[in-house]
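K.L.:
pasted the sequence and its predicted model underneath.
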Amino acid sequence: MSKKEYEQSHLYKIRHSAAHVMAQAVLEMFPKGKVAIGPPIEDGFYYDFDLPRALTTDDLKAIEKRMRNIIKKRHTFARRELSAEEAKEIFADQPYKIELIEGLETGGVDEYGEALPAGETPVISIYKHDTFADLCKGPHVENLGKINPKAIKLLNVAGAYWRGDENRQQLQRIYGTAWEKPQELKDYLARLEEAKKRDHRKLGKELGLFSIDAENLGGGLVLWQPKGGLIRHIAEEFCKNEHLANGYDMVYSPHIGKSALWETSGHLDFYKESMYSALDIDGQEYYLKPMNCPFHILMYKNDLRSYRDFPLRYAEWGTVYRYERSGVLHGLLRVRGFTQDDAHHFCREDQMPEEIDFVLKFCLHILRSFGFENFHAYLSTQPPEKSVGEAAQWRAAEKALEEALQRANIPYDVDEGGGAFYGPKIDLKISDAIGREWQLSTIQFDFNLPERFDMSYIGSDGKEHRPYMIHRALMGSMERFFGVLIEHFAGAFPVWLMPTQAMLIPIADRHVKYAEKVAAQLKIAGLRVEIDDSNDRMGNKIRKAQKQKIPYMLVVGDKEAEENTVAIRLRSGENLGPKPLDEFAAMALEAVEEKRSV
RNA sequence: GCCCUUGUAGCUCAGCAGGUAGAGCACUUCCUUGGUAAGGAAGAGGUCACCGGUUCAAGUCCGGUCGAGGGCUCCA
């Protein structure tokens, strides 16, 4: 369902109406409470309140109960349009509503304070049910009988700033969810449970993939433990080889650079709040790099460039450091130090469409190799205010991006005016195994840096020209990519990525010798194999391997040792029975080759 | 950074009218040699995040600091 369709849907009305009911319930409990705004959101709704005290989980339960009682009375929703004066009278003791009404009065914003499309004048309307009237443009259900009291639930309370501005009043936001049928609510709650089980922070700990030691090391700084490190190594090796096979040059650059570099690039003007403070080296200021581009540009400028050199593709697994406010750090998904699979393309204008086509295809190839199949792109075009570069350049670049998306047959939305000041871009989001979207890849034009660094090449006309520059990251950052990968596969990675691909499970001590022989052979065949020679019974060895999500469990006992076989159990629980060793090796290697799971 | 919640053994958690720390799993050792998700026993492991206060006495109450979780804002 698209955003537009959602806003037309019955479900949207249910949620919007549930938000009003919640506001009524809260005001009944806190007559002096102030209400802010309460829109439907994906999967539910929220409402912001300014209350005399902090809400507890018991309050949530009480509010929820009250909501059910209100709903059962099946009040009808009545819409009424009114003048600003009258609205101000009605909401005289609701300062947030007054502010919204004033916004509507002067025009340009809707009742949530969001900017309206030019030329649209807002109509002031209220919706009233029972004792509660709210400034609202609707739509709502006709009456509360349309809401199933068993299909709503309040989820949590969180802080939120009035109008998202941290300098203004902080409000209490209650999040709730509402559905048409109780079963849908149940399914939704089950999805939340499933998401919790897949949480990469939990799995990262359980599977020994990575750790973050905020106390001793620092928040947002990731330690890749051996198993996670191995997965990263395999992923990087694959990707780097693909890059080399596709016309990229692999480059390396240092982690710091002189302040002059960042002045030229403009980062110290526009990006300083995301950069760490300067290091003093022999009286000179150096900065930790938040981006790799200036380095690649210096590499470009190291030589006189000819139009014949293009396209030039510099790729680097570049580790960058960006200041993120402590409250936003989140596992691997939001960190302070991370490694981008970064690259910069330099080309001529006439090559640009082809270059975009290439990079998008290459990007999809990489993502598909890791098991992502569903993509959604967002094309962001020139912002209406302040941007660099000529309009013709922007149009040509936007056209190239859009046509590449069409050729690649990727569904996309256009975010008019959503581009950065320095160029249009494509952000590519992937959907994971349980339907959540994650942004990984970005392909972005840059009309700014070539100018700032005065980059040039000699064209066929013998004159100097400015090259086109394209930034791109496919996996985005290794950290975020890994986090998404963990959640996508719930830790059960495809065989080629598993740190341990097969666990040998000797039934008794006397079978360890045979297991060692088998392990040695499988290692020679190129598989990553371990032996569980612990004192546990077979059942527990299987349990341990299963919990580690090891794809193949190879049970060996008297029978197997005698017949030179292994009894194969898959992590799916399927038991394939005894198979000759080379048959197993061929089977596992095929799964590796095809980047399949089991 | 801000608001709410929160911080006890490697992990998951109990301990609560304030009276000198507990369980399960994991770990070590021993017994057991067992055919597809937990065999048994013993042992070791914690200055209850840190600093300060109240008290005869603080894991437990109060204040501060440092972390974590859910959000806001932002983003690879």
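P.N.:
Arrived safely. Computed from a predicted structure; not experimentally measured. Numbering: from 1, shown residues only, chains lettered A, B, ... in the order given.
K.L.:
tally of neighbours for the residue of the stretch 251-400 of chain A found nearest RNA strand B?
P.N.:
Closest approach between the stretch 251-400 of chain A and RNA strand B, counting by C-beta to the nearest atom of the strand: A:G327, at 1.9 Å. In short, each C-beta sits where N, CA and C put it, glycine included. Look at A:G327: counted by other C-beta atoms under 10 Å, it has 6 neighbours.
K.L.:
grab the most central residue of chain A for me.
P.N.:
In chain A, the C-alpha nearest the mean C-alpha coordinate belongs to A:W438, at 3.2 Å (C-alpha atoms, centre = their mean).
K.L.:
show me what it is bridged to.
P.N.:
Applying DSSP bridges to A:W438 gives these bridge partners: A:I430.
K.L.:
quick check: closest non-adjacent residue to A:R480.
P.N.:
Nearest residue to A:R480 in three dimensions, chain neighbours excluded: A:L333, at 5.4 Å (C-beta to C-beta, 6 or more residues apart in numbering).
K.L.:
for A:N246, see how far away A:E193 is.
P.N.:
41 Å (C-beta to C-beta, to the nearest Å).
K.L.:
and those two? Which one has more around it.
P.N.:
Neighbours per residue (other C-beta under 10 Å) separate A:E193 from A:N246, with A:N246 holding more: 15 against 10.
K.L.:
pull the contacting residues for the more buried one.
P.N.:
By C-beta atoms under 8 Å, 6 or more residues apart in numbering, A:N246 lies in contact with A:358, A:362.
K.L.:
could you do A:R480 as well?
P.N.:
Neighbouring residues of A:R480 by C-beta under 8 Å, 6+ apart: A:332-335, A:338, A:438, A:440.
K.L.:
what subset of those is also close to RNA strand B?
P.N.:
When C-beta under 7 Å from any atom of the strand is applied, the members of those adjacent to RNA strand B are A:334-335, A:338, A:440.
K.L.:
mind jotting down where the strands sit in the stretch 101-250 of chain A?
P.N.:
Ranges of strands within the stretch 101-250 of chain A are A:125-129, A:132-135, A:152-161, A:170-178, A:210-211, A:223-224, A:249-250, based on DSSP state E, counting those that start in this stretch.
K.L.:
nearest to A:L55, out of those strands?
P.N.:
The minimum distance between A:L55 and those falls on strand A:152-161, with 4.8 Å, by C-beta to C-beta.
K.L.:
what angle do strand A:170-178 and the closest one make with each other?
P.N.:
160 degrees (axes from the mean of the first three to the mean of the last three C-alpha atoms, to 10 degrees).
K.L.:
from the stretch 351-500 of chain A, which residue is nearest to RNA strand B?
P.N.:
Minimum separation of the stretch 351-500 of chain A from RNA strand B (C-beta to the nearest atom of the strand) falls at A:G476, amounting to 2.4 Å.
K.L.:
quick one: residues contacting that residue.
P.N.:
By C-beta under 8 Å, 6+ apart, the contact set of A:G476 is A:340-341, A:439-442.
K.L.:
mind listing what the closest residue in space to A:I531 that isn't next to it in sequence touches?
P.N.:
With C-beta to C-beta, 6+ apart as the criterion, A:I531 has its nearest non-adjacent residue at 4.5 Å, and that residue is A:L504. Taking C-beta under 8 Å, 6+ apart, we find A:L504 in contact with A:515, A:518-519, A:529-532, A:554, A:556, A:566.
K.L.:
from these, which single one is nearest RNA strand B?
P.N.:
Checking the contacts of A:L504 against RNA strand B with C-beta to the nearest atom of the strand, the nearest one is A:V556 at 7.1 Å.
K.L.:
so where's chain A uncertain?
P.N.:
A:107-111, A:113-121 (pLDDT under 70).
K.L.:
domain assignment for it?
P.N.:
Under the assignment automatic domain parsing, the domains of chain A span A:3-196, A:205-253+A:289-489, A:254-288, A:495-593.
K.L.:
for A:A502, see how far away the closest residue to A:S572 other than its chain neighbours is.
P.N.:
In this structure, A:S572 finds its nearest non-sequential neighbour in A:V598, 6.6 Å apart by C-beta to C-beta, 6+ apart. To A:A502, A:V598 is 10 Å away according to C-beta to C-beta.
K.L.:
write out the residues of the stretch 401-550 of chain A neighbouring RNA strand B.
P.N.:
A:439-440, A:442, A:473, A:476-477, A:479-480, A:506-510, A:534-540, A:542-543, A:546-547.
K.L.:
which residues of the stretch 201-350 of chain A lie near RNA strand B?
P.N.:
Looking at RNA strand B, the residues of the stretch 201-350 of chain A close enough under C-beta under 7 Å from any atom of the strand are A:201, A:205, A:212, A:214-215, A:218-219, A:322, A:324-331, A:334-336, A:338, A:340.
K.L.:
if you set the cut-off to 6 Å instead, what comes out?
P.N.:
Residues of the stretch 201-350 of chain A found near RNA strand B (C-beta under 6 Å from any atom of the strand) are A:201, A:214-215, A:219, A:322, A:324-331, A:334-335, A:338.
K.L.:
which single one of these is nearest to A:S456?
P.N.:
A:R322 (30.0 Å).
K.L.:
got a list of what the closest one touches?
P.N.:
If you count contacts by C-beta under 8 Å, 6+ apart, A:R322 has them with A:274-275, A:290, A:336, A:338.
K.L.:
next: A:C347.
P.N.:
Contacts here follow C-beta under 8 Å, 6+ apart; on that basis A:C347 touches A:310-312, A:355, A:467-468, A:470.
K.L.:
again, 6 Å this time
P.N.:
Taking C-beta atoms under 6 Å, 6 or more residues apart in numbering as the criterion, A:C347 is in contact with A:310-311, A:355, A:468.
K.L.:
got it, and A:H345?
P.N.:
With contact set as C-beta under 6 Å, 6+ apart, A:H345 has these partners: A:311, A:313, A:355, A:470.
K.L.:
same check on A:L171?
P.N.:
Per C-beta under 6 Å, 6+ apart, neighbours of A:L171: A:36, A:48, A:50, A:160, A:162.
K.L.:
what's the closest of these to A:E64?
P.N.:
Comparing the contacts of A:L171 against A:E64 with C-beta to C-beta places A:D48 closest, at 17.5 Å.
K.L.:
where does that closest one land in three-state SS?
P.N.:
Three-state call for A:D48 (DSSP: H, G, I helix; E, B strand; the rest coil): strand.
K.L.:
ok, which stretches of the stretch 401-550 of chain A are helices?
P.N.:
Counting by DSSP state H, counting those that start in this stretch, the segments of the stretch 401-550 of chain A that form helices are A:449-452, A:478-489, A:512-525, A:538-547.
K.L.:
my guess is A:W317 contacts A:Q340, does it?
P.N.:
No - counting by C-beta atoms under 6 Å, A:Q340 is not a contact partner of A:W317; they are 7.4 Å apart.
K.L.:
tell me which of the two has more neighbours.
P.N.:
Counting neighbours by other C-beta under 10 Å for A:W317 and for A:Q340 shows that A:Q340 has the greater number, 24 against 21.
K.L.:
now for that one: which residues touch it?
P.N.:
Residues near A:Q340 by C-beta under 6 Å, 6+ apart: A:318, A:473, A:477.
K.L.:
in contact with A:K523, which residues?
P.N.:
A:V529.
K.L.:
buried stuff in stretch A:305-319?
P.N.:
Going by neighbour count (16 or more other C-beta atoms under 10 Å), the buried part of stretch A:305-319 is A:305, A:307, A:309-319.
K.L.:
just the endpoints, please. Distance across that stretch?
P.N.:
End-to-end distance of stretch A:305-319 (C-alpha to C-alpha, to the nearest Å): 27 Å.
K.L.:
now do it: everything it contacts.
P.N.:
So stretch A:305-319 is contacted by A:243, A:247-251, A:292, A:296, A:339-348, A:351, A:355, A:457-460 (C-beta under 6 Å, 6+ apart).
K.L.:
and which of the contacts of A:Q340 is nearest A:I147?
P.N.:
Lowest distance from A:I147 to the contacts of A:Q340 (C-beta to C-beta) belongs to A:S477, with 42.6 Å.
K.L.:
just checking, that closest one touches A:R336?
P.N.:
No - A:S477 lies out of contact with A:R336 (C-beta under 6 Å); the separation is 11.4 Å.
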